[in-house]
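Visitor: Prediction below, plus the sequence it came from.
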Amino acid sequence: MKLKQSIRYQLEDYKASVLVYYCAVVALIVLMSVALGAVAGAGSNLEMSGISAMSALFLFICGLCSLHDNLPMLLQNGVSRKTMFLARLVVTGITAAFCAIVDHVLSMVINLLARPFFSGYTVSLFEQEYGSIYPSMGAVPLTLFSLLFSFLLLLLASCLGYFIIAFFYRLSKPMRIVVGVCAAFLLTFGLPGAKMLDSVFLGEQLRAFSQQYVEPVADAITASPLLTMGCWALTAVALSAVTWLLLRRTTVRR
């Protein structure tokens, strides 16, 4: 019973946010369509994509905001950490599936409404990345692949956001500052710094290793939608497992 209550409680956090998000997405797409249609002229061919990418960013941010209020509230009402985390997994799956379906339906509606004005259309991320590889795929298989592709991407984004906030929640305030500054520094200067160190001190051995072993594997994964989706799923599972290890002994911070 507490699991159902925990699921409902955590779902409540998403209702208003999802409604506001999709209202903003619709308004943004309408404005962009009108502006691009006016600039390009009637009968022009306009292609838009990226709804699922925006949804992934949205669920990532939601994951970052899903712990500070839920953890103390549920623990104070007798919900164990295990039950809370299981409910979180269910909520993550529900929201990712819902957003994937809404994104697809929204793309179809936009395509229908845009026809009288210009030859514009929206494509899913799967069609954008792999449409040329599977040109003869039927409408039903294409839709199923697109939905699964978007679902796993959204699932990964939500799990990543929740993992990050669980990791920072376990740290003390000074350590949060140190880790945050180090992360920002690495994201900004990490790759250029690694290239410089490799060129100056290692004679570009890291670059040669990457070209020989890392890049072929990365290219093989990105070239196959099945491998890409499999990596996303495995990464989401790994992040969830580590998140549970972080949460199982987490104390409520005042």
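Guide: Nice, thanks for sending it over.
Visitor: any idea where the helices of the stretch 101-250 of the chain begin and end?
Guide: 125-130, 139-170, 173-201, 205-209, 215-223, 225-247 (DSSP state H, counting those that start in this stretch).
Visitor: Let me have those in CSV, adding distance to residue 96, mean neighbour count and mean pLDDT as columns.
Guide: In this view, the C-beta of every residue, glycine as well, is placed from N, C-alpha and C. Output for the helices of the stretch 101-250 of the chain, formatted as CSV (distance: least, C-beta to C-beta, whole Å; neighbours: other C-beta atoms under 10 Å; pLDDT from 0 to 100):
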stretch, distance to residue 96, mean neighbour count, mean pLDDT
helix 125-130, 14, 19, 78
helix 139-170, 4, 20, 89
helix 173-201, 25, 11, 73
helix 205-209, 35, 13, 72
helix 215-223, 21, 12, 83
helix 225-247, 9, 16, 93
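Visitor: I'd like the ones you listed as a markdown table, with distance to residue 111 appended.
Guide: Output for these, formatted as a markdown table (distance: least, C-beta to C-beta, whole Å):
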| stretch | distance to residue 111 |
| --- | --- |
| helix 125-130 | 12 |
| helix 139-170 | 13 |
| helix 173-201 | 36 |
| helix 205-209 | 44 |
| helix 215-223 | 27 |
| helix 225-247 | 22 |
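Visitor: Tell me where the model's unsure across the stretch 1-150 of the chain.
Guide: Applying pLDDT under 70 to the stretch 1-150 of the chain picks out residues 1, 33-50, 114-122, 131-132, 134-137.
Visitor: What segments of it are strands?
Guide: For the stretch 1-150 of the chain, applying DSSP state E, counting those that start in this stretch gives strands covering 45-49, 119-123.
Visitor: Now residue 124. Nearest residue, chain neighbours left out?
Guide: Distances taken as C-beta to C-beta, 6 or more residues apart in numbering place residue 146 nearest to residue 124, at 4.1 Å, with adjacent residues excluded.
Visitor: and the one you found, how far is that from residue 172?
Guide: Distance, residue 146 to residue 172, using C-beta to C-beta, to the nearest Å: 44 Å.
Visitor: Contacts for stretch 219-238 next, please.
Guide: 126, 129-130, 133, 145, 148-149, 152-153, 155-156, 159 (C-beta atoms under 8 Å, 6 or more residues apart in numbering).
Visitor: Could you check how far residue 211 is from residue 224?
Guide: Distance of residue 211 to residue 224, computed by C-beta to C-beta: 20 Å.
Visitor: would you turn the contacts of stretch 219-238 into CSV with distance to residue 165?
Guide: Shown next, in CSV, are the contacts of stretch 219-238 (distance: C-beta to C-beta, whole Å):
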residue, distance to residue 165
126, 29
129, 29
130, 32
133, 36
145, 31
148, 27
149, 26
152, 21
153, 19
155, 16
156, 15
159, 11
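Visitor: can you count the residues close to residue 4?
Guide: 11 (other C-beta atoms under 10 Å).
Visitor: right, I mislabeled it, should have said residue 171
Guide: Count around residue 171 with other C-beta under 10 Å applied: 13.
Visitor: wait, doesn't the residue nearest to residue 124 sit right on residue 128?
Guide: No. Under the criterion of C-beta atoms under 8 Å, residue 146 is not in contact with residue 128, lying 9.9 Å apart.
Visitor: For residue 110, see how far away residue 125 is.
Guide: Computed as C-beta to C-beta, the residue 125 to residue 110 distance reads 15 Å.
Visitor: try residue 180
Guide: 38 Å.
Visitor: With adjacent residues omitted, what lies nearest to residue 29?
Guide: residue 110 (6.2 Å).
Visitor: hang on, the earlier thing: so for residue 211 and residue 224, which residue has more residues nearby?
Guide: For residue 211 and residue 224, the more surrounded residue by other C-beta under 10 Å is residue 224, and the numbers stand at 14 against 11.
Visitor: gap between that one and residue 133?
Guide: According to C-beta to C-beta, residue 224 and residue 133 sit 9 Å apart.
Visitor: Same question for residue 225.
Guide: 8 Å.
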